[in-house]
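A.B. asks: got a predicted model here, sequence first, then my questions.
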Amino acid sequence: LACRVPGVKITALEFQREMVRLASHNIKLNGFHDRLEVLHGDLLTPPPRLAASSFSHVMANPPYFESNASVESDNETKALSNHDNGVPLQKWVEFAYRMVKPKGYASFVFTADRLDDLLASMYGKFGEITLFPLWPKKGQKAKRFIVQGRKNIKSPSKILNGLTIHEANGDYTLGADAILKDAKSLNL
């Protein structure tokens, strides 16, 4: 995002200290220290610097799995990223709602099999909800969605065509390649 949108100011909140260190190192290597910062903390007790209604856009990739809903990875970092560890999805949505300005955007990358949980959590808080499916390959079911809504907006929801990520042979599609290599944006 910092590469694609010149001048954008980004504040990230990360629970895992090792990921904060890694992100901070990458920020320094890429020269974004003046407009990108990563804070250590969690959304249940966020750092005081994160003021309510102060962000134009909140983006999140919440853990896909509820606690004890599936077998956890042996990799502790991955297990912490993929399992909610007692912080339900609703808390992620409430945090985004609290942090975003009125009429601001919240975007979530989430798994298709729990899409109804996400939409139920957004109900009454976000409107103009846009569903953008991510198809692994043509003819396969979407496994992930980008779901975007606007705070306190009552406009109807819409489902976009989405993006197919891979060709049958495993190569990236032209659309995915344009985003990953050429920094083309998604128009949600």
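C.D. replies: Yes, it's here.
A.B. asks: what residues are up against the closest residue to Gly41 other than its chain neighbours?
C.D. replies: Nearest non-adjacent residue to Gly41, counting by C-beta to C-beta, 6 or more residues apart in numbering: Pro47, 4.6 Å away. Where you see a C-beta, it was placed from the backbone N, CA and C, and this is true even at glycine. By C-beta atoms under 8 Å, 6 or more residues apart in numbering, Pro47 lies in contact with Leu13, Leu39, His40, Gly41.
A.B. asks: helix, strand, or coil at Pro47?
C.D. replies: coil (DSSP: H, G, I helix; E, B strand; the rest coil).
A.B. asks: one more: Ser53?
C.D. replies: Ser53 - assigned by three-state DSSP - is coil.
A.B. asks: follow-up on the earlier one: Throw the contacts of Pro47 into a markdown table and include secondary structure and distance to Gln148, thanks.
C.D. replies: As requested, these are arranged in a markdown table below (DSSP: H, G, I helix; E, B strand; the rest coil; distance: C-beta to C-beta, whole Å):
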| residue | secondary structure | distance to Gln148 |
| --- | --- | --- |
| Leu13 | strand | 19 |
| Leu39 | strand | 23 |
| His40 | strand | 27 |
| Gly41 | coil | 24 |
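A.B. asks: can you pick the most crowded of these?
C.D. replies: When neighbours are counted by other C-beta atoms under 10 Å, Leu13 leads those with 20 neighbours.
A.B. asks: quick check: the gap between that residue and Pro47.
C.D. replies: Leu13 is 8 Å from Pro47, where distance means C-beta to C-beta, to the nearest Å.
A.B. asks: now Ala178
C.D. replies: 36 Å.
A.B. asks: residues near Asp113, how many?
C.D. replies: Asp113, neighbours per other C-beta under 10 Å, totals 11.
A.B. asks: just to revisit the earlier point, Gly170: which of the contacts of Pro47 is nearest?
C.D. replies: Leu13 (34.2 Å; C-beta to C-beta).
A.B. asks: got a list of what the closest one touches?
C.D. replies: Leu13 neighbours (C-beta under 8 Å, 6+ apart): Val38, Leu39, Gly41, Asp42, Leu43, Pro46, Pro47, Leu50.
A.B. asks: picking that back up, reformat the contacts of Pro47 as JSON lines; add distance to Ser107.
C.D. replies: Converted to JSON lines, those look like this (distance: C-beta to C-beta, whole Å):
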{"residue": "Leu13", "distance to Ser107": "15"}
{"residue": "Leu39", "distance to Ser107": "19"}
{"residue": "His40", "distance to Ser107": "22"}
{"residue": "Gly41", "distance to Ser107": "20"}
